[in-house]
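**Student:** coordinates for the following, if possible.
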Amino acid sequence: MSANPILPPFPTTRLRRLRRTKALRDMVTENHVSAANLIWPVFVTEVAGADVEIPSLPGVQRYTVDGVKAAAERAAKLGIPAICVFPHSAQELRTEGCERAWDPENISNQAIRAIKATVPELMVMTDIALDPYNINGHDGLVRNGEILNDETVDCLVRMAIAQAEAGADILGPSDMMDGRIAAFRAALEKRGHKHVTIMSYAAKFASGFYGPFRDAVGASGRLVGDKKTYQVNPANREEALRCVARDLAEGADMVMVKPGMPYLDICREVRDRFGAPTFAYQVSGEYAMIEGAIRNGWLSRDVVMESLLAFRRAGCDGVLTYFAPEVAEALA
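**Tutor:** Residues are numbered from 1 along each chain as shown. Predicted structure coming up:
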């Protein structure tokens, strides 16, 4: 479309003509949301009695392995193409070395196998970062207060291979360490997992919108310090774009911007500049604000779809959202 469309003057041009009826509005709608655009993030717990609704994420619960199988069946019936697994691991299993992260029997890998055995056609996406297994709450190994990069990448590679061997379709590295995409791709090729897809959290910002997520995975109160030495400064647009360019150059198949709605400008620029499949994560804080306002009667449920249309309008191919099953049901 031309940046400067030529329009005859009023009244020859009446832009409201195309808004007059629902049929006309539907016919000229520029962007649509379908179930195929959605990825549903779910939390899987190995902690007895923790399969409950998360207070800071009203309407979102943790699942046992059996529960996540039922959730996967629901997703498949609704036409949601992928489910993304996040672990809620036992506190006593969190260590300085994060060894549980690549254990074939950790809760994520159990869930991957269970989902693929139950609904083979449903894609399973994973999270790759050490924070669910780290006693310090960080995405990387910590030594003398420093988050180590290269040593962390070695651990993350082991984690990626364990997830691929469990049957993961899409790996989602959310750690923001330098060089991890190239390391993953080389290891996956070497181990015979050449078809496993990488959706890199390429532009992940050091945001305040992640609080309810940390409650969901049991990391609240665990974090020592902050994550500003490896996540992107929210003020930095060009830095975020350099991160995306690097991850694509290293072999990422798809890229993600996180959080979503506060960074729609970044979504648009990533899509326009690189042309790669671009996703956004409507993160826990975004969900909690919208759902909380709806439950308080301050907003109608229409804003859920409006929020997802904003991602599509900004150029996103898909969205990770806790609203996925609700939206898919409404679309059906």
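
**Student:** as CSV, could you dump the C-alpha coordinates of the helix with the most length in the chain?
**Tutor:** Counting by DSSP state H, the longest helix found in the chain is helix 150-166. This file holds the C-alpha atoms of helix 150-166, laid out as CSV (Å, rounded to 0.1, in the frame of the first residue of the first chain):
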residue,chain,number,x,y,z
ASP,A,150,29.8,-19.2,28.2
GLU,A,151,29.4,-21.7,31.1
THR,A,152,25.7,-21.1,31.0
VAL,A,153,25.5,-21.8,27.3
ASP,A,154,27.1,-25.2,27.8
CYS,A,155,24.4,-26.0,30.3
LEU,A,156,21.6,-24.7,28.0
VAL,A,157,22.9,-26.9,25.1
ARG,A,158,22.5,-29.9,27.4
MET,A,159,19.0,-28.7,28.3
ALA,A,160,18.1,-28.2,24.6
ILE,A,161,19.2,-31.7,23.6
ALA,A,162,17.3,-33.3,26.5
GLN,A,163,14.1,-31.5,25.4
ALA,A,164,14.7,-32.5,21.7
GLU,A,165,15.1,-36.1,22.7
ALA,A,166,11.9,-35.9,24.8
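
**Student:** immediately after it, which helix or strand?
**Tutor:** strand 170-171 (DSSP states H and E).

**Student:** residue ranges with poor pLDDT in the chain?
**Tutor:** Along the chain, the model assigns pLDDT under 70 to residues 1-3, 220-221.

**Student:** neighbours of Ile39, how many?
**Tutor:** Neighbours of Ile39 under the rule other C-beta atoms under 10 Å: 23. Using the backbone N, CA and C atoms, a C-beta is placed for each residue, glycine as well.

**Student:** please work out which residues outside the host helix or strand of it touch it.
**Tutor:** Element membership for Ile39 (DSSP H and E) is strand 38-45. Residues outside strand 38-45 that contact it (C-beta atoms under 8 Å, 6 or more residues apart in numbering): 51, 54, 60-65, 67-68, 71, 75, 80-88, 107-108, 110-111, 125, 216-217, 279, 281, 308, 318-322, 324-325, 327-328.

**Student:** adjacent strands (with direction) for it?
**Tutor:** strand 57-63 (parallel), strand 82-88 (parallel), strand 318-320 (parallel) (DSSP bridges).

**Student:** that strand: how far from the chain's middle?
**Tutor:** 9 Å (C-alpha atoms, centre = their mean, to the nearest Å).

**Student:** buried set for it?
**Tutor:** Leu38, Ile39, Trp40, Pro41, Val42, Phe43, Val44, Thr45 (16 or more other C-beta atoms under 10 Å).

**Student:** what segments of the stretch 101-250 of the chain are helices?
**Tutor:** Under the criterion DSSP state H, counting those that start in this stretch, helices of the stretch 101-250 of the chain are mapped to 107-118, 150-166, 180-190, 211-216, 237-250.

**Student:** out of those, the one nearest Leu7 is which?
**Tutor:** With C-beta to C-beta as the criterion, Leu7 lies closest to helix 237-250 of those, at 31.7 Å.

**Student:** ok, the helix or strand following the closest one: who's next to it in the sheet?
**Tutor:** Sequence order places strand 254-258 as the next helix or strand after helix 237-250, per DSSP H and E. Next to strand 254-258 in the sheet, as set by DSSP bridges, lie strand 197-204 (parallel), strand 278-281 (parallel).

**Student:** helix 150-166 and the longest one, what's the angle between them?
**Tutor:** Taking axes from the mean of the first three to the mean of the last three C-alpha atoms, to 10 degrees, strand 197-204 and helix 150-166 form an angle of 140 degrees between their directions.

**Student:** all further residue positions should be reported with the first residue as 558.
**Tutor:** All right, first residue 558 from here; so that's strand 754-761.

**Student:** for strand 754-761, C-alpha coordinates in CSV please.
**Tutor:** Once non-C-alpha atoms are left out, strand 754-761 reads as follows in CSV (Å, rounded to 0.1, in the frame of the first residue of the first chain):
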residue,chain,number,x,y,z
THR,A,754,12.8,-25.6,15.3
ILE,A,755,14.2,-22.7,17.3
MET,A,756,12.0,-19.8,18.3
SER,A,757,14.5,-17.4,19.9
TYR,A,758,13.4,-15.0,22.5
ALA,A,759,15.6,-12.6,20.5
ALA,A,760,14.4,-9.3,22.0
LYS,A,761,13.6,-10.0,25.6
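
**Student:** what residues does that strand touch?
**Tutor:** By C-beta under 8 Å, 6+ apart, strand 754-761 touches 682, 726-733, 738, 741-742, 788-789, 797-798, 800-801, 803-805, 808-815, 820, 823, 827, 836, 838.
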